[in-house]
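**Student:** This is the structure alone, sequence omitted:
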């Protein structure tokens, strides 16, 4: 039965991306043709200010169109993903969906899996179209330029690091983005399930719950950051005290033993793992509400 649910979910999203993917691809293709035109014609119009302005406008317009198409495709996919979850489980379709011999846990998993699959697929398409649009005139040089820029960023923040750490930092960033996306999706699912517990204004309550949770996260992160800054200021002000010196020496020895690069990997991995833990709690509470207190429209 889970296979059938996945089949219907894939059909739903395929009907959406069959319109989104061509838009992203055509915008990338237009950007590629614009860059080719600018590369081969730019030297001809050198000194002609009017044609130069026209060429600049064409280039800027194609880039703006491409980024609009990319952002719009992710936004549209997200909106339809939320609508799909709501209508299929909490709307009129919920009376049929929830009578199937499938647990609510599997319903949530199927929705999450298919949505993440198409988000990742769309992201990959955007990256390929960006390579087509920006790297059409120098395919190898475009990749080398991205790698060099990434290396310069790593070098700016962390200094000279081994190539293994450079790959690990890229993995850490991807893991953080992936875990954050899962957390955001399950937060939306949880907010909608809480909204269903109300007898009226369910959608409004769902939106309020979602923004309320975001505000709590923002407050917690801001409080944690401010406390960290306050601790640093206190340590700087009383650094002459013996106990402070002992603490600072101990921390310095730990960082030296572990290595600053390894410490950053650990911090980023723990951050991503915390995202997944919180996401799991949203998953469990959503399932609990659907099992115990679901109030369909």
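**Tutor:** Noted; the coordinates are in hand. For clarity, every value in this text was computed on a predicted model and none was experimentally measured.
**Student:** continuing past the lengthiest helix in the chain, what's the next helix or strand?
**Tutor:** For the chain, the longest helix by residue count, based on DSSP state H, is helix 2-41. Using DSSP states H and E, the next helix or strand after helix 2-41 towards the C-terminus is helix 49-85.
**Student:** Only the buried residues of stretch 9-21, if you could.
**Tutor:** Residues of stretch 9-21 classed as buried: 9, 12, 13, 16, 17, 20, 21 (neighbour count, 16 or more other CB atoms under 10 Å). Glycine gets a C-beta too; all of them are placed from N, C-alpha and C.
**Student:** and it, average pLDDT?
**Tutor:** When pLDDT is averaged along stretch 9-21, the result is 87.
**Student:** Could you check how far that stretch is from the centre of its chain?
**Tutor:** Mean-position distance between stretch 9-21 and its chain equals 20 Å (CA atoms, centre = their mean, to the nearest Å).
**Student:** give the contact list for residue 286.
**Tutor:** Shown in contact with residue 286 (CB atoms under 8 Å, 6 or more residues apart in numbering): 108, 186, 189, 190, 193.
**Student:** For the last one, give me its contacts.
**Tutor:** If I follow you right, that is residue 193. With CB under 8 Å, 6+ apart, residue 193 has these contacts: 90, 285, 286, 289, 290, 294.
**Student:** just the buried members of those residues?
**Tutor:** Using 16+ other CB under 10 Å, the buried members of the contacts of residue 193 are 90, 286, 289, 290.
**Student:** Redo the buried residues of stretch 9-21 as CSV? Include distance to residue 182.
**Tutor:** As requested, the buried residues of stretch 9-21 are exported to CSV (distance: CB to CB, whole Å):
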residue, distance to residue 182
9, 17
12, 20
13, 17
16, 20
17, 20
20, 21
21, 23
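**Student:** how close does residue 131 get to residue 74?
**Tutor:** 18 Å (CB to CB, to the nearest Å).
**Student:** returning to that earlier point: elements contacting the longest helix of the chain?
**Tutor:** When contacts are defined as 3 or more CB pairs under 8 Å, 6 or more residues apart in numbering; DSSP states H and E, helix 2-41 sits against helix 49-85, helix 104-135.
**Student:** Narrow the contacts of residue 193 to those in helices?
**Tutor:** The helices, defined by DSSP H, take in 285, 286, 289, 290 from these.
**Student:** what about residue 55, neighbour count?
**Tutor:** By other CB atoms under 10 Å, the residues close to residue 55 number 18.
**Student:** contacting residues around the nearest residue to it once chain neighbours are set aside?
**Tutor:** In space, and not counting its chain neighbours, residue 55 is closest to residue 38: 5.8 Å by CB to CB, 6 or more residues apart in numbering. Residues in contact with residue 38, defined by CB under 8 Å, 6+ apart, are 55, 58, 59.
**Student:** Stretch 186-202 spans what distance, first to last residue?
**Tutor:** 18 Å (CA to CA, to the nearest Å).
**Student:** Likewise for stretch 195-211?
**Tutor:** 13 Å.
**Student:** Widest-spaced pair of the contacts of residue 193?
**Tutor:** 90 and 285 (15.2 Å; CB to CB).
**Student:** does residue 77 really touch residue 118, like I thought?
**Tutor:** Yes - between residue 77 and residue 118 a contact is recorded at 6.2 Å, counting by CB atoms under 8 Å.
**Student:** which neighbours do these two share?
**Tutor:** Common neighbours of residue 77 and residue 118 (CB under 8 Å, 6+ apart) are 13, 16, 17.
**Student:** Can you lay out these as a markdown table showing distance to residue 99?
**Tutor:** Below are the shared contacts of residue 77 and residue 118 laid out as a markdown table (distance: CB to CB, whole Å):
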| residue | distance to residue 99 |
| --- | --- |
| 13 | 23 |
| 16 | 26 |
| 17 | 29 |
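**Student:** ok, those residues vs residue 216, which is closest?
**Tutor:** Taking those together and measuring to residue 216 by CB to CB, the closest member is residue 13, at 31.0 Å.
**Student:** And for the closest residue to that closest one other than its chain neighbours, the neighbour number?
**Tutor:** Spatially, and ignoring its direct neighbours in sequence, residue 13 is nearest to residue 118 (4.6 Å; CB to CB, 6+ apart). Residues lying near residue 118 (other CB under 10 Å) number 21.
**Student:** in this protein, what spans have low per-residue confidence?
**Tutor:** Along the chain, the parts satisfying pLDDT under 70 run over 1-2, 39-54, 93-95, 97-98, 136-163, 165, 228, 231-260, 293-297.
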